[in-house]
Structure formats: structure tokens, C-alpha cells
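In: Structure of the sequence below:
(2 chains)
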Amino acid sequence: MKNFKPWLPAMLSIIILLIFLGVWHLATLPTQGTIDPNLDPEYAKLLGASAAVGQKSTMPTPADVLDKLWVNVKDPFYDHGTNDKGIGIQIAYSLARVSLGFGLAALVAIPFGFLIGMSPLLYKALDPFIQVLKPISPLAWMPLALYTIKDSAISAIFVIFICSIWPMLINTAFGVSTVRREWINVARTLEVKPLRMAFKVILPAAAPTIMTGMRISLGIAWLVIVAAEMLVGGTGIGYFVWNEWNNLSITSVIVAILVIGIIGMILDLLLGKVTKWVSFKE
Amino acid sequence: MNELDPIIKIQGIAQRYPKREGGTTTVFENLHLNIQKGEFVCLIGHSGCGKTTILNVLAGLDSTSEGYVFVDGREINGTSLDRAVIFQSHALMPWLSVKDNIGFAVKSRWPDWTKVQIEAHCLKYIQLVNLSGAENKRPAELSGGMKQRVGIARALSIAPKILLMDEPFSALDALTRGVLQEEVLRICAETKQTVFMITHDVDEACLLADKVVLMTSGPQARIAEIVENTMPKPRTRATLHHDPQFYKIRNHLVDFLVNRSKMHLTDPNALDFDPKYPPVVQPGLDNIAA
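Out: Okay, here's the model as predicted:
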């Protein structure tokens, strides 16, 4: 493979972005309509000139979105009642739900995965349950959660919990069960006690795999929170999207999509940093 | 035979596996061996004769199908800090620095030691294997020879009664191997360490061993002979081959590996002796041998 200058990928990224924005801009330019000769002039007058001569596309232009984004970023934390909160507040709600659900899932999945990974018997016995539960869309749990918990806010957190638990559980169990035999043998010949073995040998050896599971989980949690909040309503970035759809503000929806993507990227980058920190070269 | 009580007594151990089509495969059987304190014993045999299993049994990592192993008069029950293992693949923990890899072992041996004590102890052994300056490096940053030095330092740092080595130098290039062999020789001579080592390398055995245990090829491997290395000590790699005994011993070992190790499979009388007392030979002092 040929080497390239370090700034080349960034420049290419910017060019791709500019092309994308350009196409978007051209595609959403206001159509220059001519007055339909058959149109009743009275009717045209009634509707106003814009309707008569064709109109601006309902899809916002990049400039519109940029404007809207600026408005949202300028004042992200305003609160004008239930249906009019700043995007910052909505994201804070979503992040709080995700971190609570994800955190609880980690607290359950990692110790439990550790146990399963240590015991081939448990691994085999629980595998069918995990395999059945894993592919269930987390939203399918929503009615059950609403019915049993009877609280929409907690139900949303439960849905996050249930969707983030599986990748962490499976990866932890896999990481723990595949720790190199020789490291365990070294510890055995040193008469290392089980707890020290778990924390000083198995945990660091399995940490990269566990972290990979956590990254997958957090990614899924961030995907699911938007859908969950659309269902649950009230607060959060998912609700924001739905609310703006009801307002027919496509511009705001696009802004929200952009923000969701960026936050998701930041979350993954953060966990990526931690993964790098616990990884080791052999 | 010896008035001293041996530190390791292996009595009639055997390893058998059930075959897929029924019956059992016997890897080795009827194995008896005594090792005295301070002795350096090398075990030589072809692959598949169960050498590594024997070492793992001594380490307490494996168990046998039959027989008993006593260390210091007590039957082996699992692993012990008194028996340190140097693994063929060095088995360093890649997330720990050189110092911490050794420190992990030291902390296991003396859980009550302070950080300062552990650090000082680690540095002493890092110096012993000539790795000063690399204490904070990760294993990934070290060459194969340096990694094995760390493995040696880790094993020695817990002051084991017995050092078990499973082909410790076989993954290294010839130059590095030679240097490490001499260091092991020096360290073991200084500390009068009891060592049980598996090797494929006849020259390595000639240099290091007091006794070379020869095993026949598997299945049903057994100890065929114990060769006493009668070359005077201290030995060095540079002068060893000038010793008049060297080629007698070396040829004896090579002859065994090439010709005699499979004899028992065709000649039922080849191992016609009490397996508790395999013949002890001193080819170095034998004048007739070429």
C-alpha cells in the first residue's frame, strides 16, 4: 500500500462533505414555477403568489438546517413548558436514561458474565436462554415493562437495560472463558487465591473483550433510546424528533438527527479511549 | 541407593487416555525417578513420550493416572510456590511491565511485604538476569531472549526449592540460547538450585545437566537409562567441547535418540530391568566407547 500525506484523508472528507452539501443545496432550491395559464386568477389571488407560481421545497436547504442548528446551539437549555424545551435539555434526559440503563446493565452483565465464563457448566446451561433473549428487539419489551412497572420513565430505562445487557454478558463470558491457559497456569503455580486470580489475571486478560462488548452495548442503547422516547414521550431527544415531526418542522428533525449522530460518535470515542487504555500488545 | 533422601521421588507414575474406539492409550508407564537436592536433571526424549506431562505433574498442574510423586517427603497435592515453572512460551502477562510481572510472583510468595520490599526484591532478580534498564518495559517491547530472562527471573524470585523448566530455550535463536544457558548455569551454580529441565538439545544437556534421563519413545514410554554427566565443573560453552569426555557423552546421547529410543518396540528384552532402577551409565568415563 502506498503511503499518503496525513492531511489527505481529512481533505478528502471535506471534499465529500462539500459535494454532499452542494447536491443537497441544488436539490432543494426553490422551483421556479410559471403561472399555470389555466389557473383561475381569482384562485391564484386567494392562495397568494407563492402557491400560484410554485413554491419553496418542503425539504429544507443546508442553509436552513445550519440556521436552525445555530438557533438550537445558541440556547440549548431553555425550557418553555412540556412541548418546547431546548435540545440540550432533551439530550441530557436521553443521556441520563442511557447511562442509568447502561450502567445497571454493566453492573449485572459483567459480574454475571464473569461467572458464566468461569464455569463451562453454567455457560452451556444458560446459553440457550441468552441465544433466545438476545435477538429480541428491546422495544418488544416495552408493553411488558409498561404493564409491570407502570411507570413510563422507568420503563424506558428498563428497555435500555435489557438491550445493553446481552452484548456485555456474552463478551464478558467469552473473554473470561478464553483467557490464555498459560497465564492461569502461571498464577496456579504461584498459588494465587481465587479472588486475586479473578482481578489480577482474568480481568485484565479479558478486559479488551469486555470493553468491546460495552462499546457494542452503548451503541445499541443509543440507537434504542430514540425509539423508546418516541413511544414513551415527554422528554428526551427521541421525543424531540417526534414532536418536531408533529410540528412538520423537517429542519428541526434534521438538526436532531445530526445531533444524535454526533453524540453517538462521542460516546463511542470515549469508550474507544478506555478500550485502548486496557488493551495490551502481545 | 543414596544415603541422602531425594527431594523428588517419582514412584511408578503412568498416564493413560481412553481411546476413541475403546481401550486406553498409555503415554508412559512405570516411571520411577529420584532427584537429589541441588541436582540438575535433564529429561531427553522424542516428542510424544509425555515429557511435558511429567513436568506438569511435578508442577502440580496435571495429575497422573497411576503412581505417586513425593517432594520433600510429602505427596504432591496441586501446585506450590516451592516448585517454580519456567514455561516454554515464557507466559508473561502482557499488560504488566517486567517489574510487575516479577512483582506479581513476589507478592504471591510474600503477601505481607511492603511495596518497597517487593520492588527491591524484583530489581535484584532483574539484575541477576542482566535486564537492568528494562524493568518498566512491557513484554511486547522485549525480544524473545529478554522475555525468557524475565520468565527465569520470575521463577527464581520466589526462591523455589525446585525449578521446573519446559524446553525454556527452544524458541530462541542459537546465539541467545547459548548466552541464556550460561546464565542459567551460573545462577544455578550460585544458588545450588535443584532443577528439572526438559530439553531436545543434546548439547544443552551436556552443558547443564548433572544427570540426563533418557526416555524411550511413546506410546508406553519409559525411562531407558540415566546418563551421569561426569565432566568436571565449572563448565563453559567455549571450552566444553575440548573436554575429552564431551564427545563420548554427546555421542551416547545422540545414539540413543537416533537408534535406541525405539528399540523396545521391536526387542522385548531392550528394557529388561527393574523399572525402579534404570541402568545408570557414565559414558564419559568409558574407555571403550568411541
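
In: Which stretches in the stretch 151-290 of chain B count as helices?
Out: In the stretch 151-290 of chain B, the helices defined using DSSP state H, counting those that start in this stretch lie at B:174-191, B:202-208, B:237-240, B:246-258.

In: Oh, that last question was meant for chain A, not what I typed.
Out: Listed in chain order, the helices of chain A (DSSP state H) span A:8-27, A:41-47, A:49-52, A:62-74, A:87-118, A:120-133, A:142-149, A:152-177, A:181-189, A:194-196, A:203-232, A:237-246, A:250-278.

In: quick check: angle from the fourth one to helix A:237-246?
Out: Helix A:62-74 runs at 130 degrees relative to helix A:237-246, counting by axes from the mean of the first three to the mean of the last three C-alpha atoms, to 10 degrees.

In: ok so, going back, which one, of the helices of the stretch 151-290 of chain B, ends up nearest to chain A?
Out: Smallest distance to chain A across the helices of the stretch 151-290 of chain B (C-beta to the nearest C-beta): 18.3 Å, for helix B:174-191. Glycine gets a C-beta too; all of them are placed from N, C-alpha and C.

In: and that closest one, which residues are buried?
Out: By 16 or more other C-beta atoms under 10 Å in any protein chain shown, the buried positions in helix B:174-191 come out as B:176-182, B:184-185, B:187-188.

In: now, the most widely separated pair of those residues?
Out: Farthest-apart pair in the buried residues of helix B:174-191 is B:176 and B:188; separation 18.2 Å (C-beta to C-beta).

In: What residues does chain A have near chain B?
Out: Applying C-beta under 8 Å from any C-beta of the partner chain, we find that chain A lies next to chain B at A:180, A:182-183, A:185-192, A:196, A:200-201, A:204-205, A:207, A:278, A:280-282.

In: Any of these buried? List them.
Out: The neighbour-count criterion (16+ other C-beta under 10 Å) marks A:182-183, A:185-192, A:196, A:200-201, A:204-205, A:207 among the residues of chain A next to chain B as buried.

In: so what's the residue nearest in space to the middle of chain B closest to, chain neighbours aside?
Out: Geometric centre of chain B, nearest residue: residue B:197, 0.9 Å, by C-alpha atoms, centre = their mean. Excluding the flanking residues, the one nearest residue B:197 by C-beta to C-beta, 6 or more residues apart in numbering or on different chains is residue B:165, at 4.1 Å.

In: what's around that neighbour, how many residues?
Out: Residue B:165: 25 surrounding residues under other C-beta atoms under 10 Å in any protein chain shown.

In: and it, how far is that from residue B:85?
Out: The gap separating residue B:165 from residue B:85 is 8 Å, by C-beta to C-beta, to the nearest Å.

In: now do residue A:77
Out: Here the criterion is C-beta to C-beta. By it, residue A:77 lies 61 Å from residue B:85.

In: The two: which is more packed in?
Out: Counted by other C-beta under 10 Å, residue A:77 and residue B:85 do not tie: residue B:85 has more neighbours, with 30 against 11.

In: Just give the closest residue to residue 158, not the sequence neighbours.
Out: No chain in the question, so chain A it is. residue A:145 (4.6 Å).

In: that's the other chain; I wanted chain B
Out: Excluding the flanking residues, the one nearest residue B:158 by C-beta to C-beta, 6+ apart is residue B:109, at 4.1 Å.

In: That neighbour: neighbour count?
Out: Residue B:109: 18 surrounding residues under other C-beta under 10 Å.

In: Also the one 5 residues further on?
Out: By other C-beta under 10 Å, the residues close to residue B:114 number 9.

In: What about it? Give its phi and psi, please.
Out: Per-residue torsions, residue B:114: phi -80, psi 170 (degrees, to the nearest 10).

In: Now do the same contact list for it.
Out: By C-beta atoms under 8 Å, 6 or more residues apart in numbering or on different chains, no residues touch residue B:114.

In: Tell me the predicted confidence for it.
Out: You'll see residue B:114 listed with a pLDDT of 95.

In: how close does it sit to residue B:107?
Out: Taking C-beta to C-beta as the criterion, residue B:114 is separated from residue B:107 by 11 Å.

In: Looking at the helices of chain A, which is nearest to residue B:46?
Out: Nearest of the helices of chain A to residue B:46, taken as C-beta to C-beta: helix A:181-189 at 23.4 Å.

In: which other helices and strands contact the closest one?
Out: With contacts defined as 3 or more C-beta pairs under 8 Å, 6 or more residues apart in numbering or on different chains; DSSP states H and E, helix A:181-189 has these neighbours: strand B:83-86.

In: which residues are in contact with the strand it packs on?
Out: With contact meaning C-beta under 8 Å, 6+ apart, strand B:83-86 is reached by A:185-186, A:189, B:55, B:58-61, B:71, B:148, B:151-152, B:154-156, B:158, B:160-166, B:168.

In: what's the following helix or strand after that strand?
Out: Proceeding N to C from strand B:83-86, the next assigned helix or strand is helix B:98-109, under DSSP states H and E.

In: Show me what the mean pLDDT comes to for that following helix.
Out: Helix B:98-109 carries an average pLDDT of 95.

In: what is the orientation angle of it with helix A:181-189?
Out: Using the same axes, to 10 degrees: helix B:98-109 against helix A:181-189 is 40 degrees.

In: what's the spacing between helix B:98-109 and its chain's center?
Out: Relative to its chain's centre, helix B:98-109 lies at 22 Å (C-alpha atoms, centre = their mean, to the nearest Å).

In: I'd like to know how many residues surround the closest residue to chain A within the stretch 151-290 of chain B.
Out: The minimum distance from the stretch 151-290 of chain B to chain A, using C-beta to the nearest C-beta, falls at residue B:158 (7.1 Å). Counted with other C-beta under 10 Å, the neighbours of residue B:158 add up to 22.

In: residues touching it, list them.
Out: Applying C-beta under 8 Å, 6+ apart, the residues near residue B:158 are A:190, B:81, B:84, B:105-106, B:108-109.

In: Farthest-apart pair in these, please.
Out: Farthest pair in the contacts of residue B:158 (C-beta to C-beta) is B:84 and B:106. Separation: 11.7 Å.

In: can you list the domains in chain A?
Out: A:1-59, A:60-278 (automatic domain parsing).

In: and these, which is most packed in?
Out: The highest average neighbour count among the domains of chain A, using mean count of other C-beta atoms under 10 Å in any protein chain shown, belongs to domain A:60-278 at a mean of 18.

In: Can you give me the end-to-end span of that domain?
Out: The first and final residues of domain A:60-278 sit 44 Å from each other (C-alpha to C-alpha, to the nearest Å).

In: before we move on, the earlier item: which ones are touching the residue nearest to residue A:158?
Out: With C-beta under 8 Å, 6+ apart, residue A:145 has these contacts: A:154-155, A:158-159.
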